[in-house]
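**Student:** how would this look folded up:
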Amino acid sequence: MGREPEETREGSPGVSEGAHAAHEGILRRQSARESAARTYARALPIVPVRARGLTIEGADGRRYLDCLSGAGTLALGHNHPVVLEAIRKVLDSGAPLHVLDLATPVKDAFTTELFRTLPPEFAARARVQFCGPAGTDAVEAAFKLVRAATGRTGILAFTGAYHGMTAGALEASGGASEVRVGRLPYPQDYRCPFGIGGERGAELAARWTESVLDDTKSGVPHPAGMILEPVQGEGGVIPAPDAWMRRMREITAARSIPLIADEVQTGVGRTGTFWAVEHSGITPDVMVLSKAIGGSLPLAVIVYRDDLDVWQPGAHAGTFRGNQLAMAAGTATLAYVRENRLAERAATLGTRMIAELRRLAGEFSCIGDVRGRGLMIGVELVRPEAPSDPAADGPRPAAPELAAAVQRACLRRGLIVELGGRHASVVRLLPPLTITDEQAAAVLDRLADAVGAVARGGSG
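**Tutor:** Numbering: from 1, shown residues only. The predicted model follows:
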C-alpha cells in the first residue's frame, strides 16, 4: 500500500525526559480534575501541542496522523493557511467578536457562501437560523421549528441514529432510554434488521415506515417531522441507500411531514458531494449543519424552507450564536472546498481507500465489513472464531474488544482513529479532505499493520 513520508512516522528519537514528564503530568492532572464523562481522552492519551494538516505532535515529541479530525470538524485539517488568514483578518480589523445576532459583514459573507453551496432548489427558498455553537443545539432548533410550523409534537427518528447530547437530541438518538420519539428501521446490508439487506431490505424498511404512519393503531401519532442522517456516523458508518432516501422524501412529502436532514458530520464534502443529500437528489425541508461549517471553530445553523419560518422573535436564541471568528473561518473553508473541488477528491480517494480496506478484509477474518462514502469510512471488527447465525446466515458477532485493541495498536503506530457502531466495534476513518495520496497510503499501512498485529493474537 506504500510507505508514509519519513516526517510523519511515529515517534521522535531523543525526546527529553523533561518533555515526557510534562506530558505525563498534564495527563495526570486531567484525570484528577476533569469529569468522568470525558471520552476521547480515555482512548487517546496524548497531549497535542502542535498540528498542521493531517499531523499532530504531542507534548512528548511523538507525531500522529489524525484520522479523527475533530470528529469530522476539520475539513481542511489542522491550522490550514486559508483558515488562519481568515481569522487573523478579522482580529486585525478591529471588528467586534461578539454581536449576538446582529448583522455584520462577516456574517453576510458567511451566509452568502453557505447559500452558494446549497442545492439550488433548496437555497432559492431557504432561511437560516444561527444556533448555539454545537450541532446538538441546532437539532433542538430544528425540532422546535417543525413543531411550531405543524402544530404537532412527535418526531420520527431511526435506529442507530446520533443527533447530539441535549435532551431532545438524545431522545432521537439510538441510545435513548426514555423515548417520546417514534423509532423506524434504518436500512443496512451487513446487519439488516430484516436479515436480507440490499434493495429488498431497504424496501421493507420503507414499507414499515409507511405502515407506522398510516396504521391508525400503530401508536405513533402524526408527527411534526422526521430526522435522518444520510450516513449514520456514530451508528457505525452506514450510508443510506439513495433509493431509500428518495422514498423517505416521497413518504414525508405526501403526508406533509417536514424532513430534517442531519448533515452535521456528513456536510462540506465529507461523503463525496458537498452535502450528502445530493447523492440521492432529494431536497429536505430542514438541514442541520455544524462541525466543518465553522472551519474548526464552534458554529451551528439550521437552514430550512421559508414557509416553515413561522416562529416568533426569540423562539430560539443563544448568547454565542454570533461567533464572528467561526463565521470567517467557515466562509474560508466552504469556499476552499468548493473552489478546489475537494468533494470530488473525497469521492475518488475514498473509493480507493475502501477498495484497499476490502482487500485487507480478505486477509483477516476479524474484519466483518468495510463500508463508507467518500472520506467517511468504517471497518467493522467481528469475532472470527464465532459462527454466524445459522438460521439467517448472518454476520458474526461484533468484537468491541478487538476494535479497541486495533485502536490502541494504531496509536502505537502513530495513527489516531475513532470507534463507533452499535457495540463500538467499528474503526472509523475521518481524515481531512486535504489528505494526500501519500498520506492515505501511510494511513492504510499503519491500520493494516495494527489489524495484523491484533489478528495474530497481540495488542500491537
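**Student:** just the element for V83, please.
**Tutor:** Using DSSP states H and E, V83 sits within helix 81-93.
**Student:** got the contact list for that helix?
**Tutor:** For helix 81-93, the surrounding residues in contact (C-beta atoms under 8 Å, 6 or more residues apart in numbering) are 76, 97, 106, 295-297, 324-325, 328-329, 331-333, 335-336. C-beta here means a position set from N, CA and C on the backbone, and glycine is covered the same way.
**Student:** now stretch 31-51
**Tutor:** Residues contacting stretch 31-51 (C-beta under 8 Å, 6+ apart): 22-23, 26-27, 30, 56-60, 62, 64, 66, 68, 78-79, 404, 407-408, 411, 416, 418-419.
**Student:** let's go with 10 Å and repeat that
**Tutor:** With C-beta atoms under 10 Å, 6 or more residues apart in numbering as the test, stretch 31-51 has contacts from 19, 22-27, 30, 56-64, 66, 68, 70-71, 74, 77-79, 165, 404, 407-408, 411, 416-419, 424.
**Student:** now stretch 35-47: average pLDDT?
**Tutor:** Stretch 35-47 shows a mean pLDDT of 86.
**Student:** for stretch 289-301, same thing?
**Tutor:** Mean pLDDT, stretch 289-301: 96.
**Student:** coming back round to it: between the contacts of helix 81-93, which is closest to E234?
**Tutor:** Of all the contacts of helix 81-93, E234 sits closest to S296, with 20.2 Å by C-beta to C-beta.
**Student:** pretty sure that closest one sits against V268.
**Tutor:** No - in this structure S296 lies outside contact range of V268 using C-beta atoms under 10 Å: 11.6 Å.
**Student:** who's more crowded, those two?
**Tutor:** The neighbour count for S296 versus V268, taken as other C-beta atoms under 10 Å, is higher for V268 (32 against 25).
**Student:** just give the nearest non-adjacent residue to that one, would you?
**Tutor:** Nearest residue to V268, sequence neighbours excluded (C-beta to C-beta, 6 or more residues apart in numbering): A292, at 3.8 Å.
**Student:** same question, A206
**Tutor:** Nearest residue to A206, sequence neighbours excluded (C-beta to C-beta, 6+ apart): R247, at 4.3 Å.
**Student:** pLDDT weak spots in the protein?
**Tutor:** Across the chain, residues meeting the criterion (pLDDT under 70) sit at 1-15, 165, 167, 170, 174-180, 387-393, 458-460.
**Student:** residue ranges for the helices of it, please.
**Tutor:** Applying DSSP state H to the chain gives helices spanning 17-33, 40-43, 69-72, 81-93, 105-117, 120-123, 135-150, 167-171, 198-214, 242-254, 324-339, 342-363, 400-412, 437-455.
**Student:** chain center to the second one: distance?
**Tutor:** If I follow you right, that is helix 40-43. 18 Å (C-alpha atoms, centre = their mean, to the nearest Å).
**Student:** check stretch 281-294 too.
**Tutor:** Using C-alpha atoms, centre = their mean, the offset of stretch 281-294 from its chain centre is 12 Å.
**Student:** right, and V303 touches A126 too?
**Tutor:** Yes - with contact defined as C-beta under 10 Å, V303 reaches A126; the gap is 5.1 Å.
**Student:** between those two, which one's more packed in?
**Tutor:** Neighbours were counted for V303 and for A126 using other C-beta under 10 Å; V303 has more, 24 against 20.
**Student:** ok, that one - contacts?
**Tutor:** 111, 114-115, 118, 122-123, 126-129, 138, 142, 261, 263, 275, 284, 286-289.
**Student:** okay but P397 is in contact with R422, surely?
**Tutor:** No - with contact defined as C-beta under 10 Å, P397 does not count as touching R422 (11.0 Å).
**Student:** and those two? Which one has more around it.
**Tutor:** Remark: of P397 and R422, R422 carries more neighbours, 18 against 15, as counted by other C-beta under 10 Å.
**Student:** state the distance from that one to W208.
**Tutor:** R422 sits 19 Å away from W208 when distances are taken as C-beta to C-beta, to the nearest Å.
**Student:** what number of residues are in the vicinity of A398?
**Tutor:** The local packing of A398 (other C-beta under 10 Å) involves 22 other residues.
**Student:** which residues does it contact?
**Tutor:** 191, 236, 368, 380-383, 386, 421-426.
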